[in-house]
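A.B. asks: quick one, what's the 3D model for this:
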Amino acid sequence: MCIEVKMFPHLQHLSSDGESMIVFDVGTSLFVELDKVTATILEEAVIWGKWSDEACESAKKLLLFRGISESAIDESMQHFSHLQSEGVFCDTNRSFIEKRMIIGIRAMTLNVAHTCQLGCIYCFASGGDYGTCTIPEMMSSYIGKLSVDFLLQNGDPAVNEYSILFFGGEPLLNWELIEELTHYVEKRAKELEKVCRLSVTTNGILLDKKRLDFLMEHEFGILISIDGDEQLHNHLRPHIDEKINSFAETKKAIDLIRHSPRSKVSGRATITAYCPDPQKLANYLLSAGINNVGLQMVSGGDKDKPWMLSHSDLRKMSVGTSDMIIEDVFDSALFLSRIRNRDRCVPYGCNYLCGTMSVDSLGRIYSCHRLTGNDDHLIGCIQEGIDEMKVQRIANMVNANSMLGCRSCWARNLCGAHCAANNYVMTKDGSTPSSFSCYQSQANIEASIERYLMELKM
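C.D. replies: Here you go, the predicted structure:
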């Protein structure tokens, strides 16, 4: 048991009076402004491990040495005691406690196609089959409908709105199923008095006006995968037919959306060693017609591959993304959104095991779309349901309150150990965070805090 805080003396100028100490209370994930006397009392409690008679006497001695009056010290100690009575700056228990996790499914990734026209050199899905060559290339109507029913009938009862992402491989290769399941989802959701949002992640090559009209009619979210300018994109995401320019084909889809009633285009790029500068990569996407830019660091088990980031690349990327957060280029940056929305006590970095699941063409259920095909993260099947005991084992191993290096980290409730898939792929077991993900997360969290305090100051 101890008091856990993180002080930001380098951000005092962003406090309301420009002089107060800004403190993050790990136990509650609250940001608190303290005058220097109260901050000294808190710091002494942290040094002693708890607020005790010894800590009180030590703090008083130090403050008297600094010339603070006894009355001012007593007033600040009363203020500190009041904060503790309100549940702030209290002892936190960091010992490992095996917890029972409620599985509240709210979202599903349907891998409707386990094949693709592209041969992305870094593809975590191995071209769409996730390294499982025996899996059917296309999801059947039977498995698709079973999956929809599974979500709508077994979803988190605390909510009435769910979401389905069509994924792959390249999902538009199974367009007929997407059309069929869209109508089926709308029919079943209406019958069950629920709402289900639909989206698709695509390279855009098979997107034409008729299909775009359908997607817009049914209010799909559309995310286009594009990795930079023409030269960079074609190097990272070459078409399997060498005669076809993959960038040109994807650009057609972007232009099609731009000139439609929707007009706004969302795109996602992977940061690799070939362009570790996120601002430069974002500018590539903006110049290609993307309005909402998303960036994701490349991951993979083979660190010697030329596209994998070196430490120098990692530092350049982390500095760049941090600058973009502070300058508010990434308005929806994950950590900044959590801080703004006060969603600050998360056991996992995303929705891993906390509301989402991935289904392959055989109906097998995985904890994350990026870990589809991995038996360690196979948690059930649509036909028989979820193996809750396995889910509990995984959940207690990979959350921020049990992972080595995360349990004692001040940012664990903001970070949630970041990306469970990255951690697993990079460390082989997922019981420790990926050093690259951790490095980036620390930088981006501090940048998000700085941005948040700047907004409060405005």
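
A.B. asks: ok, the most centrally placed residue in the chain - contacts?
C.D. replies: Among the residues of the chain, Cys350 comes closest to the average C-alpha position under Cα atoms, centre = their mean, at 4.1 Å. Applying Cβ atoms under 8 Å, 6 or more residues apart in numbering, we find Cys350 in contact with Leu334, Thr356, Gly416, Cys419, Ala420. The C-beta positions use only the backbone N, C-alpha and C, and glycine is treated the same way.

A.B. asks: again, only using 7 Å
C.D. replies: Cys419 (Cβ atoms under 7 Å, 6 or more residues apart in numbering).

A.B. asks: sec struct for it, please.
C.D. replies: When the structure is reduced to helix, strand and coil (DSSP: H, G, I helix; E, B strand; the rest coil), Cys350 reads as coil.

A.B. asks: alpha carbons of the longest helix seen in the chain, as PDB, please.
C.D. replies: Across the chain, the helix with the greatest residue count (assigned by DSSP state H) is helix 435-457. Backbone C-alpha positions of helix 435-457 (Å, rounded to 0.1, in the frame of the first residue of the first chain) are rendered in PDB as follows:
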ATOM      1  CA  SER A 435       9.500  -1.600 -25.400                       C
ATOM      2  CA  PHE A 436       8.600   0.300 -28.600                       C
ATOM      3  CA  SER A 437       5.000   0.600 -27.700                       C
ATOM      4  CA  CYS A 438       5.900   1.700 -24.200                       C
ATOM      5  CA  TYR A 439       8.400   4.200 -25.400                       C
ATOM      6  CA  GLN A 440       5.800   5.800 -27.800                       C
ATOM      7  CA  SER A 441       3.000   5.700 -25.200                       C
ATOM      8  CA  GLN A 442       5.000   7.400 -22.500                       C
ATOM      9  CA  ALA A 443       5.900  10.200 -24.900                       C
ATOM     10  CA  ASN A 444       2.400  10.600 -26.300                       C
ATOM     11  CA  ILE A 445       0.700  10.500 -22.800                       C
ATOM     12  CA  GLU A 446       2.900  13.300 -21.600                       C
ATOM     13  CA  ALA A 447       2.200  15.300 -24.800                       C
ATOM     14  CA  SER A 448      -1.500  14.600 -24.300                       C
ATOM     15  CA  ILE A 449      -1.400  16.000 -20.700                       C
ATOM     16  CA  GLU A 450       0.400  19.100 -22.000                       C
ATOM     17  CA  ARG A 451      -2.200  19.600 -24.700                       C
ATOM     18  CA  TYR A 452      -5.000  19.100 -22.200                       C
ATOM     19  CA  LEU A 453      -3.500  21.700 -19.800                       C
ATOM     20  CA  MET A 454      -3.100  24.100 -22.600                       C
ATOM     21  CA  GLU A 455      -6.800  23.800 -23.500                       C
ATOM     22  CA  LEU A 456      -7.800  24.500 -19.900                       C
ATOM     23  CA  LYS A 457      -5.500  27.500 -19.900                       C
END
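
A.B. asks: what's it packed up against?
C.D. replies: Where contact means 3 or more Cβ pairs under 7 Å, 6 or more residues apart in numbering; DSSP states H and E, helix 435-457 is packed against helix 311-326, helix 334-341, helix 412-415, helix 420-427.

A.B. asks: need the ones you listed in a markdown table with mean pLDDT, can you?
C.D. replies: Below are the helices and strands packed on helix 435-457 laid out as a markdown table (pLDDT from 0 to 100):
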| stretch | mean pLDDT |
| --- | --- |
| helix 311-326 | 92 |
| helix 334-341 | 81 |
| helix 412-415 | 85 |
| helix 420-427 | 80 |
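
A.B. asks: dump those to JSON lines, plus mean neighbour count and distance to His235.
C.D. replies: Converted to JSON lines, these look like this (neighbours: other Cβ atoms under 10 Å; distance: least, Cβ to Cβ, whole Å):
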{"stretch": "helix 311-326", "mean neighbour count": "19", "distance to His235": "16"}
{"stretch": "helix 334-341", "mean neighbour count": "18", "distance to His235": "28"}
{"stretch": "helix 412-415", "mean neighbour count": "24", "distance to His235": "32"}
{"stretch": "helix 420-427", "mean neighbour count": "23", "distance to His235": "22"}
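
A.B. asks: just the strands from the stretch 151-300 of the chain, written as ranges.
C.D. replies: In the stretch 151-300 of the chain, the strands defined using DSSP state E, counting those that start in this stretch lie at 161-167, 195-202, 221-225, 266-271, 292-297.

A.B. asks: picking that back up, list the buried ones in the longest helix of the chain?
C.D. replies: For helix 435-457, the buried set under the neighbour-count rule, 16 or more other Cβ atoms under 10 Å, comprises 436-453.

A.B. asks: quick one on the thing from earlier: just the strands of the stretch 151-300 of the chain: most buried one?
C.D. replies: Ranked by mean neighbour count, these are led by strand 266-271 with a mean of 23 (mean count of other Cβ atoms under 10 Å).

A.B. asks: got the domain ranges for this structure?
C.D. replies: For the chain, whose domains are defined here by automatic domain parsing, the residue ranges read 2-90, 107-393.

A.B. asks: follow-up on the earlier one: which among the helices and strands packed on helix 435-457 is found nearest to Leu285?
C.D. replies: Leu285 lies closest, by Cβ to Cβ, to one member of these: helix 311-326, at 12.6 Å.

A.B. asks: elements contacting that closest one?
C.D. replies: Taking 3+ Cβ pairs under 7 Å, 6+ apart as contact, the helices and strands that helix 311-326 lies on are helix 278-287, helix 435-457.

A.B. asks: on that earlier part again, as CSV, the helices and strands packed on helix 435-457 with distance to Ala59 would be great.
C.D. replies: Compiled in CSV, the helices and strands packed on helix 435-457 are given as follows (distance: least, Cβ to Cβ, whole Å):
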stretch, distance to Ala59
helix 311-326, 34
helix 334-341, 29
helix 412-415, 26
helix 420-427, 39
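
A.B. asks: which one of the ones you listed lies closest to Glu4?
C.D. replies: helix 412-415 (9.5 Å).

A.B. asks: how far away from the center of its chain is the closest one?
C.D. replies: 11 Å (Cα atoms, centre = their mean, to the nearest Å).

A.B. asks: that helix packs against which elements?
C.D. replies: Under the contact definition 3+ Cβ pairs under 7 Å, 6+ apart, helix 412-415 sits against helix 435-457.

A.B. asks: check which element follows the lowest-mean-pLDDT helix or strand in the chain along the chain.
C.D. replies: Taking mean pLDDT, DSSP states H and E as the measure, the helices and strands of the chain show their lowest mean at strand 91-92, namely a mean of 72. Using DSSP states H and E, the helix or strand that follows strand 91-92 towards the C-terminus is strand 107-111.
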